[in-house]
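I'll drop the sequence and a predicted model, then ask my questions.
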There are 2 protein chains.
Amino acid sequence: MSEKPRVAVLSRAGMPDQIAHLDDRVDLAVCTEESLADELTRCDVLLLWDFFSRAVRPSWSDRATVRWIHVPAAGVDKMLFDELIDSDVVVTNARGTFDRPIAEYVLGLVLRHYKQFGLTQRLQETRDWRHREPRTIAGSTALVIGTGPIGRATAALLRAAGMRVTASGRTRREDPELGTVLATEELPEQIGDFDVIVLLAPLTDQTRGLMSADLLARMRRGSYLINVGRGELLDQDALEAMLRSGSGPLAGAALDAFDDEPLAPDSSLWTVPGLFVSPHMSGDDVGWRDRLAVQFIDNLDRWLAGEPLVNVVDKHLGYIPGAT
Amino acid sequence: MSEKPRVAVLSRAGMPDQIAHLDDRVDLAVCTEESLADELTRCDVLLLWDFFSRAVRPSWSDRATVRWIHVPAAGVDKMLFDELIDSDVVVTNARGTFDRPIAEYVLGLVLRHYKQFGLTQRLQETRDWRHREPRTIAGSTALVIGTGPIGRATAALLRAAGMRVTASGRTRREDPELGTVLATEELPEQIGDFDVIVLLAPLTDQTRGLMSADLLARMRRGSYLINVGRGELLDQDALEAMLRSGSGPLAGAALDAFDDEPLAPDSSLWTVPGLFVSPHMSGDDVGWRDRLAVQFIDNLDRWLAGEPLVNVVDKHLGYIPGAT
C-alpha cells in the first residue's frame, strides 16, 4: 500500500491537466459518478472537479475513508446532505474566486438593461434606427441579497459605478463595509424601495424560495431582478407568470442560474418577454479552471503540511460564516 | 417694436414646452430651417433646439442680427462655418449634460463585449445553452481619445470599474486627473497597448479621420473599438472592411455615431460581423431635453442680466478649451 495520501478527482472528462502534476506528492485517482462509491472508501481527499455533481450523497456509506472534500464552487448546496453534515469530513469551497467576475457580470446586466442594449440589438437585426432615451444608473438604488464575498464585491462595484446600494442578510446589523444590512424579514416592507434586486445568497433551507411571488409583487414599478445565485432562491414560475402577464411591477429580469441546469431546450423560460437567459457563466471568466486548481493545490499543501485548511464551510449553515 | 430681446428657437416640432414659459421675459419665436434665414436678421438669440441642423450656414447673411447661438449638444461641428467663426457671434454648447450618460454607456458597451451578452442573446433566441468563459475587465487597458468633460467622466468611470485607463489629446502632457496624456502623434506607436479604444474627441480639422485604417491595423489583437463621438472621427469603411475580412486585430466594435445619421436602412453597416450599431443615443438619458432647456435658460438669465455666458465655445478650436 502506498504511503502517499490518496486524492480522488471526480471528473467526467478525465484527470484535469491542472491537477495531474500532483502525482509526485499524492496518489491521484480520477473517478466518475459510477465509481465514486468505491473511491469514497479508499481516498483521503475528494476534489469535486464536477462541482455541480449530486453523486456524493448516493455514493456515501459508513465505510467512507474520505476526510476532506473540496468543492471548487462558491455554493455547496448541491452536494451537502445530513450524513456528511454530521460527519467529521471537512468541506471547503472556492471562496473568492468568483467575486470579481460575478460583480462585473451583474454591473454589465444592470447597464444592459438601463441602456436597452437588448432592444438595440434586435432593432439592428431589422435595420431599424429608433432613438430612445436610456436611463442613468447614477443614483438608482440596488438591493444585493447576500452578504458573502460575492455580494460584497458586487455591492462595492455597483457603488463605484454610481448606484446607491443596500445589502440584506439573515439579520439586521451595521456592517463596516456594507452599512445597514436589512434582515430577510424586512424585505416585504423594504423591497419596493429598489430599482434593481440582485440575488446572491447561498442556497440554504432559510433562503430557498426567498424571492417569492409575494416579494416579486412588492417590487418597485419598473424595477429589474437579477439572479446570479441559485435558481431555487427564486420562485421561477411566479416570475415567469408575472412577466408573461405584463401586469407585475418588474420591467424585466436576468437569470444566470436555474432550478434545472442546463435549461432544457423546451423550457418555457427561453421565451419569456423581458427575460434575459444566460448559461450560468457569470463567475467563470477566462482562466477560472486554472485558478480553481491553484486554490485547491494551495489548500492541499496546507493539508499535507498538517496546517489548518482555509475556506472551510460551516456544513450546518451551508456556507462560510462571518464573511468580510 | 418690442423692447424685449428676441429669442428664436429652431425646432421642426414647434415651440418646446420647456422653453415656452420664457415668453414673459423675451419675445419667443419658433422657426424652421426654411424660415431661419429671415429669423437670423431679426433675432438676438438663436437656440438651435434641432442641434444637428446644418441650416445656419446656408441661412447666414451679413444682415444677421443674432448675437448669441446656443447649441444644446456637446459637439458644434455640424453648425460651425467660416463667417460665423470670424463674426462676433457667441456660440455656447451643452457642456456637462452628457458626461455621465455617455460614461455609463461606454462602460455598458465594454461589459456587453467582455461578458458576451450579444452572443448570449442570440443563443437565447435559438434556445441554445452554451456555456462560455467571459473575460474580466479588471486590469484590462482602455485608451480614451478625447480629454474634454465627457472623456474625463468616461475615463473616471472605467477606472472606478477596475480598468487601467490612459487618455490621449492634442498634446502630450501630465494632467492632474488623467495622468499622462498621450499626444495624437504617439498613437501609431502606442495604440497596440490597449484592449479597448474609446473615441470621444470633438470633431475638428485635426481629429477628422483620426482613427484611420493605419491606426485600426495597429490595434491590439482581440481589442474593441467604441465610437460615441462623431462618425467622422473614424474611417468607417476601413473598419467595415477589417471586420468583414475577419483578418484584422479587432474582435469587434460598437458605433453610436455615424457619418450619416440616421443610418439608412440599406447601409451595409447594419450587418457587419461583430459590429454593434446603436442610434446615437448614448448621451440622451431620460429627461435630457429638460436638462438641456434648463441649461439654456440659466445662460439666458446671465445674458439678460448682462453677465458673462458660460460654456462659450472657442469657435476656432471647435470646442471649449482647457477642460476640467
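Sure thing, it's come through.

please enumerate the strands of the stretch 201-324 of chain A.
Ranges of strands in the stretch 201-324 of chain A, per DSSP state E, counting those that start in this stretch, are A:223-227, A:250-255, A:275-277.

ditto for the stretch 51-200 of chain A
According to DSSP E, counting those that start in this stretch, the strands that the stretch 51-200 of chain A contains are A:68-70, A:90-92, A:141-145, A:164-169, A:173-175, A:179-183, A:196-199.

so what strands line up beside the third one?
Right, the one you point to is strand A:141-145. With DSSP bridges as the test, strand A:141-145 is paired with strand A:164-169 (parallel), strand A:196-199 (parallel).

how about TSV for the ones you listed, with mean neighbour count added?
(Each C-beta comes from the backbone N, C-alpha and C, glycine too.) Below are the strands paired with strand A:141-145 laid out as TSV (neighbours: other Cβ atoms under 10 Å in any protein chain shown):
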stretch	mean neighbour count
strand A:164-169	21
strand A:196-199	27
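
using TSV, lay out those together with mean pLDDT.
Putting the strands paired with strand A:141-145 into TSV (pLDDT from 0 to 100) gives the following:
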stretch	mean pLDDT
strand A:164-169	98
strand A:196-199	98
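
interface residues of the stretch 51-200 of chain A facing chain B?
Contact residues (Cβ under 8 Å from any Cβ of the partner chain) of the stretch 51-200 of chain A with chain B: A:100-101, A:104-105, A:107-109, A:111-112, A:114-115, A:117-118, A:120-121, A:123-124, A:127, A:129-138, A:157, A:160-162.

can you tell me which of these are buried?
By neighbour count, with 16 or more other Cβ atoms under 10 Å in any protein chain shown, those hold A:100-101, A:104-105, A:107-109, A:111-112, A:114-115, A:117-118, A:120-121, A:123-124, A:129, A:134-137, A:157, A:160-162 as buried.

mind listing which of the residues you listed are in helices?
Members of those lying in helices (criterion: DSSP state H): A:100-101, A:104-105, A:107-109, A:111-112, A:114, A:117-118, A:120-121, A:123-124, A:157, A:160.

distance from the chain centre to stretch A:126-133, please.
Distance of stretch A:126-133 from its chain centroid, counting by Cα atoms, centre = their mean, to the nearest Å, is 35 Å.

dump the residue contacts of residue A:131.
Contacts here follow Cβ atoms under 8 Å, 6 or more residues apart in numbering or on different chains; on that basis residue A:131 touches B:262, B:279-281, B:284.

just the helices in chain A please.
Using DSSP H, helices in chain A cover A:17-20, A:36-40, A:56-59, A:82-86, A:99-114, A:117-125, A:149-160, A:187-190, A:213-217, A:236-245, A:288-304.

nearest to residue A:48, of the ones you listed?
Smallest distance to residue A:48 across these (Cβ to Cβ): 7.2 Å, for helix A:56-59.

that closest one - contacts with which helices or strands?
With contacts defined as 3 or more Cβ pairs under 8 Å, 6 or more residues apart in numbering or on different chains; DSSP states H and E, helix A:56-59 has these neighbours: helix A:36-40, helix A:82-86.

recalculate using a threshold of 6 Å.
helix A:36-40 (3 or more Cβ pairs under 6 Å, 6 or more residues apart in numbering or on different chains; DSSP states H and E).

chain B versus residue A:15, what's the distance?
Using Cβ to the nearest Cβ, to the nearest Å, residue A:15 is found at 21 Å from chain B.

so how many other residues sit close to that residue?
15 (other Cβ atoms under 10 Å in any protein chain shown).

ok, the one 5 residues further on next?
Other residues near residue A:20 number 13, with proximity taken as other Cβ under 10 Å.

now it, nearest residue through space, not along the chain?
Spatial nearest neighbour of residue A:20, excluding adjacent residues (Cβ to Cβ, 6 or more residues apart in numbering or on different chains): residue A:28 at 7.1 Å.

check what pLDDT the one you found gets.
At residue A:28, the model reports a pLDDT of 97.

who does it bridge with?
residue A:7.

so residue A:315 sits against residue A:83, correct?
No. In this structure, residue A:315 is not within contact of residue A:83 by Cβ atoms under 6 Å, at 10.7 Å.

and these two? Which one has more around it.
Shown here are residue A:315 and residue A:83; by other Cβ under 10 Å, residue A:315 has more neighbours (18 against 13).
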